[in-house]
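> here is my input; please provide its structure:
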Amino acid sequence: MTISATPAEPADDTPAFDWIPPVRPILHSDYDLADWPLEQFSELADSDQVRWIKASLERRENAIRQRNAERAEQGRRRIAASGLGWVEYMTRQMKAVRAAPKTAANDNVPLAAKPRPKWPGILSSADFVRSFSPPDYAIDGIAQTGFLYSVTASTGTGKTAILLLISALTALGQHLGSREVKKGRVLYFAGENPDDVGMRWIGAAHHMGFDPAAIDVHFVPGTFDIASLIAEVDSAVAAIGGVDLVIIDTSAAYFNGTDENSNVDMGKHARNLRTLTTLPGAPCVLVACHPTKSADQSNLLPRGGGAFLAEVDGNLVCQKTEGGAVRLHWQGKHRGPDFAPVMFDLSTVTAPTLKDSRGRDVPTVMASVLSDGEVIQRTTQARRDEDDVLLVVERTPKISQAKIAETLGWKDDAGKVHKRRAQSALESLRKDGMLDLTRSGYVLTRKGNEAVSDVRGDRHFEEVGRASASAITGSRKVWGNRTETAPSILSDD
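The predicted structure is shown next:
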C-alpha cells in the first residue's frame, strides 16, 4: 500500500504565522477503505488503551497507598505520644493471625496449598478387576506389607517382648505358631527404653539360638523427628538394601505434638508414621501404642481419639488372660479378614552374657508362642486355681495372699511360696465379684458363696469318677473335671 500526503490550503480565518500544514493521508487508488474490518481497528487500539488504563490505576493506587501510609504514621505518632504504643502492636498481631492461611482440622497442609484431586477416570469392570493387587502378608492373615498397624497394650502386658519375638522370627524366616512369617530384614526403632530392649534381645538370642551379631535385624536407639528426617531415614535404609518390617517402640517416644489426646496432633503423628511404609522395600510398620487412660482390656484403643485409629490400617491388641498368657488379636479396626487370636507366654529368663557390673545375672522378659494344647491346659489350670482359692477363703476367711499360696502348697521354680500364682487367681476372682479385700484379708462375697456350691459339686463328681475308675481299672488317675471318662470304660478290650 502506498500513502502520500499533500499540504492543505489554510482557512480564511487562520493567521498565516500559526498555520501548520496538516498531513492528509491519501490512500492508493487500488485500496478501498471499506475492505478494512472494524474489528481490526479495535484490536490495534486495545493495547494502547489497556496500557493507559493500567498506568492510571497504578498511579491512583500508589497515591492511595502513600496517603494511607502518611495517615498511619500520623496515627502512630499520636499513639506513641499518648503512651499506648502497645495497642498498635497488639492490633498488628491480631491482624497477622487473621491473615494467616487456614489449616484443615485433619491435615497438615494449608487449604490454599492443597492440590486439587485429579479425576480418576471411569474403568470398566474388566479393567477394575485387572488392576487388583493380591495382599502380601508380612504375618500371614494378620499384617500386610506396606500397611501401618498400631499394637496397643497396657503397661506390663509384654508388647515389647512380643515385637522382639516377631522381629527375630521375621529375620529367621520362622513361623509364628502356625502362621507363616515373611522372611526379611527388620528395622527396630528403640525410642522408649533402648537399654531394656537390648537386654531383652540378648535374652531372646540365647534362648532362641540365634547369633545377635549375625541376624539381619537393625536398631535405631533414641528418638528423633521422623517427619523432618524422613529423607535421611530413606537414604540409610536404601544403604542397607531396604527393609521388610519396621517396629516403632513406642509411638509416644516419637510424638512431637503437644497433646497425645488431641485428634489434630495425633492425626498428624500417624501420617508421619505412615511415611515409613514408603521406605525402600515397602515394609509393614508395627507401632507400639499406649491405650487411652480410661481403657480396660475390652477397649484397648490407641491414644489420640479417633484420628490416630482412622489413619492406621489396623489396631492389634495384647490382652492378659486368666491363665497368665497374653492374647494377640484386634479391636476397633482391622483391614482384612478376621483371624484367630495368637497366644503368647511371658517368662523371666537369664543369659550367660547378660550380667550386671558385679557379674550377677540380670533377669529379663521373653515372649514365646503357646500351642493350642498349652492354651487349653493353662486355662484349665487357671480355673482350678480359682476354685481352690475359693474353697480356702471359705474355710479361712480374712486370709492373706501369701497364706493362701502356702496353704495350697504352691511353690515357684526356686522352691519359694508362689505368691504370684495366688495373686493371679485372686485378681481374677475379685474382677468377677467373688472376693472382697478387707484390712484383715480376703473374704467371699455373696456371688462367691454361690460359686463355692458349684465348686463343691464339681469336686464331688471328681471323687465319684476317681472311685469308679479305681473300681473298674484299679487306676487312681486324677481327672481335671467331671466330663472326662476313664479310657478303659470306652475300650472294647
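> which SS class is the residue most central in space within the chain?
Closest residue to the average C-alpha location of the chain: Ser150 at 4.2 Å, with Cα atoms, centre = their mean. Under DSSP: H, G, I helix; E, B strand; the rest coil, the three-state class of Ser150 is strand.
> what bridges to it?
Ser150 forms beta bridges with Val287, Asn315, as assigned by DSSP bridges.
> list the contacts of it.
Ser251, Val287, Cys289, Pro302, Phe308, Leu309, Val312, Gly314, Asn315, Leu316 (Cβ atoms under 8 Å, 6 or more residues apart in numbering). The C-beta positions use only the backbone N, C-alpha and C, and glycine is treated the same way.
> now flag whichever of these is closest to Arg51.
The shortest gap between Arg51 and any of those belongs to Phe308, at 57.5 Å (Cβ to Cβ).
> helices of the stretch 151-300 of the chain, start to end?
159-172, 194-208, 230-239, 263-274 (DSSP state H, counting those that start in this stretch).
> could you single out the most deeply buried of these?
When the helices of the stretch 151-300 of the chain are scored by mean count of other Cβ atoms under 10 Å, the highest mean neighbour count falls to helix 159-172 (a mean of 23).
> and it, what does it pack against?
strand 148-152, strand 186-190, helix 194-208, strand 217-221, strand 245-249, strand 284-289, strand 342-349, strand 364-369 (3 or more Cβ pairs under 8 Å, 6 or more residues apart in numbering; DSSP states H and E).
> nearest to Arg383, out of those?
strand 342-349 (15.9 Å).
> who does the residue nearest to His175 when sequence neighbours are not counted form a beta bridge with?
Computed as Cβ to Cβ, 6 or more residues apart in numbering, the closest residue to His175 that is not its neighbour in sequence is Val181, at 6.1 Å. Judged by DSSP bridges, the bridge partners of Val181 are Ile139.
> tell me which residues touch Val181, please.
Ala138, Ile139, Asp140, Ile166, Leu169, Thr170, Gly173, Gln174, His175.
> that one and Tyr137, how far apart?
Distance check for Val181 against Tyr137: by Cβ to Cβ, to the nearest Å, it reads 9 Å.
> okay, now the unreliable bits of the stretch 201-350 of the chain?
Along the stretch 201-350 of the chain, the model assigns pLDDT under 70 to residues 305.
> hmm, Leu370 is touching Arg378, no?
Yes. Counting by Cβ atoms under 8 Å, Arg378 is a contact partner of Leu370 at 7.2 Å.
> look at the residue lying closest to Gly267 once chain neighbours are set aside and tell me its secondary structure.
Excluding the flanking residues, the one nearest Gly267 by Cβ to Cβ, 6+ apart is Ala307, at 3.4 Å. Three-state call for Ala307 (three-state DSSP): helix.
> among the contacts of Ser150, which one sits closest to Ala231?
The closest of those, once distances to Ala231 are taken by Cβ to Cβ, is Val287, at 20.6 Å.
> shared neighbours, Leu370 and Arg378?
Ala325.
> just say helix, strand or coil for the nearest residue to Arg383 once chain neighbours are set aside.
Closest residue in space to Arg383, ignoring its immediate chain neighbours: Glu322 at 7.2 Å, by Cβ to Cβ, 6+ apart. Here Glu322 is recorded as coil under three-state DSSP.
> you'd agree Glu322 is up against Ala382?
Yes. Glu322 is within contact range of Ala382, at 4.4 Å (criterion: Cβ under 8 Å).
> now the contacts of Ser150 as CSV including neighbour count and distance to Gly191?
Listed next are the contacts of Ser150 as CSV, based on neighbours: other Cβ atoms under 10 Å; distance: Cβ to Cβ, whole Å:
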residue, neighbour count, distance to Gly191
Ser251, 25, 9
Val287, 28, 11
Cys289, 28, 13
Pro302, 27, 16
Phe308, 28, 17
Leu309, 22, 21
Val312, 25, 18
Gly314, 21, 21
Asn315, 22, 20
Leu316, 29, 19
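> and these as TSV, adding distance to Ala63?
Shown next, in TSV, are the contacts of Ser150 (distance: Cβ to Cβ, whole Å):
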residue	distance to Ala63
Ser251	59
Val287	61
Cys289	62
Pro302	60
Phe308	55
Leu309	58
Val312	59
Gly314	64
Asn315	64
Leu316	68
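> ok, so of those residues, who is nearest Ser154?
Cys289 (10.8 Å).
> contacting residues for the closest one?
Ser150, Val151, Thr152, Ala153, Thr250, Ser251, Ala252, Pro302, Arg303, Phe308.
> distance to Lys431 for the residues you listed - can I get that in JSON lines?
Formatted as JSON lines, those follow (distance: Cβ to Cβ, whole Å):
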{"residue": "Ser150", "distance to Lys431": "26"}
{"residue": "Val151", "distance to Lys431": "24"}
{"residue": "Thr152", "distance to Lys431": "20"}
{"residue": "Ala153", "distance to Lys431": "18"}
{"residue": "Thr250", "distance to Lys431": "27"}
{"residue": "Ser251", "distance to Lys431": "28"}
{"residue": "Ala252", "distance to Lys431": "27"}
{"residue": "Pro302", "distance to Lys431": "24"}
{"residue": "Arg303", "distance to Lys431": "24"}
{"residue": "Phe308", "distance to Lys431": "28"}
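> list just the nearest of those to Ser56.
Phe308 (57.4 Å).
> so that closest one versus Val342, what's the distance?
Taking Cβ to Cβ, one finds Phe308 at 23 Å from Val342.
> who are the contact partners of Val151?
Taking Cβ under 8 Å, 6+ apart, one finds Lys159, Ile162, Leu163, Leu286, Val287, Ala288, Cys289, Leu316, Val317, Cys318 in contact with Val151.
> if we use 10 Å, what do you get?
143, 159-160, 162-163, 166, 247-251, 286-289, 300, 302, 314-318, 328, 330 (Cβ atoms under 10 Å, 6 or more residues apart in numbering).
> next: Thr292.
Thr152, Glu260, Asn261, Asn299, Leu300, Leu301, Pro302, Arg303, Gly304, Gly305.
> what about 7 Å?
Leu301, Arg303 (Cβ atoms under 7 Å, 6 or more residues apart in numbering).
> and it, its phi and psi?
Main-chain dihedrals, Thr292, degrees, to the nearest 10: phi -60, psi 160.
> and if you look at Glu73?
Torsion angles, degrees, to the nearest 10, at Glu73: phi -60, psi -40.
> Arg67 versus that one, what's the distance?
Distance from Glu73 to Arg67, by Cβ to Cβ: 11 Å.
> just Phe224 next, same as before
For Phe224, the distance to Arg67 - Cβ to Cβ - is 53 Å.
> show me what contacts Arg446?
Arg446 sits in contact with no residue, where contact means Cβ under 7 Å, 6+ apart.
> make it 10 Å
Here Arg446 is in contact with Gly433, Met434 (Cβ under 10 Å, 6+ apart).
> ok, how many other residues are close to His366?
In this structure residue 366 is Met, not His. 25 (other Cβ atoms under 10 Å).
> what's the closest non-adjacent residue to it?
Val349 (4.8 Å).
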